[in-house]
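Q: Show me the folded form of this:
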Amino acid sequence: MVPAAVIALAAVVMAYAVSWWFLSLAVAALVVGAGLAHDRWQGLGHALVDDHLVARSGSLDRRREALRTPSVIGWNLRATWFQRRVGLTDLVATTAGGRQQVEVIDLDEVTATALAGAATPGLLEPFLDR
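A: Purely as a prediction, here's the structure:
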């Protein structure tokens with residue numbers, strides 16, 4: 001929604017300075033941004049099936065990745081400024097082969113640590129503050 005909000009703000013400024021019809025551009029930017037955000041949310045998905053971590057993401061271009069959990073050599077928890085404000089984080093499984101990482105996006109922190117702990121028991125526990 002940030003790019004849509006920037007476009008909408010610029011359109012509102014242009015509506016004030018040039019012509020009122022720029023307001024329609026602001027409304028259109030917010031509607032399209034909300035639609036894409038909703039589609040991205042519907043495209044999220046992750047699962048731990050047998051010994052595979054499956055991650056799904058994307059909006060217009062959906063992507064599904066699967067990684068055998070014995071191949072995971074580490075975990076990273078990443079969060080942007082906006083994600084921290086709403087309590088979300090990205091869980092990144094690090095591996096030595098392929099693309100060297102599989103990212104499960106937009107999880108709450110408790111779910112992310114539980115998923116990592118279930119996928120690789122004992123790997124994450126020394127780093128958790130219980």
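
Q: okay, CA-based contacts and neighbour counts for the rest of this
A: Will do.

Q: pLDDT weak spots in the chain?
A: 130 (pLDDT under 70).

Q: quick one: the helices in this structure?
A: Listed in chain order, the helices of the chain (DSSP state H) span 2-17, 22-43, 81-86, 109-119.

Q: right, and those - which one's nearest E103?
A: Nearest to E103, of all those, is helix 109-119, at 11.0 Å by C-alpha to C-alpha.

Q: tell me which residues of that closest one are tucked away?
A: Buried positions in helix 109-119, judged by neighbour count with 16 or more other C-alpha atoms under 10 Å: E109, A112, T113, L115, A116, A119.

Q: How far off centre is that helix?
A: Distance of helix 109-119 from the chain centroid (C-alpha atoms, centre = their mean, to the nearest Å) equals 16 Å.

Q: I'd like to know how far the most centrally placed residue in the chain sits from R99.
A: The geometric centre of the chain, computed from its C-alpha atoms, lies nearest to I105 (C-alpha atoms, centre = their mean), at 3.4 Å. To R99, I105 is 16 Å away according to C-alpha to C-alpha, to the nearest Å.
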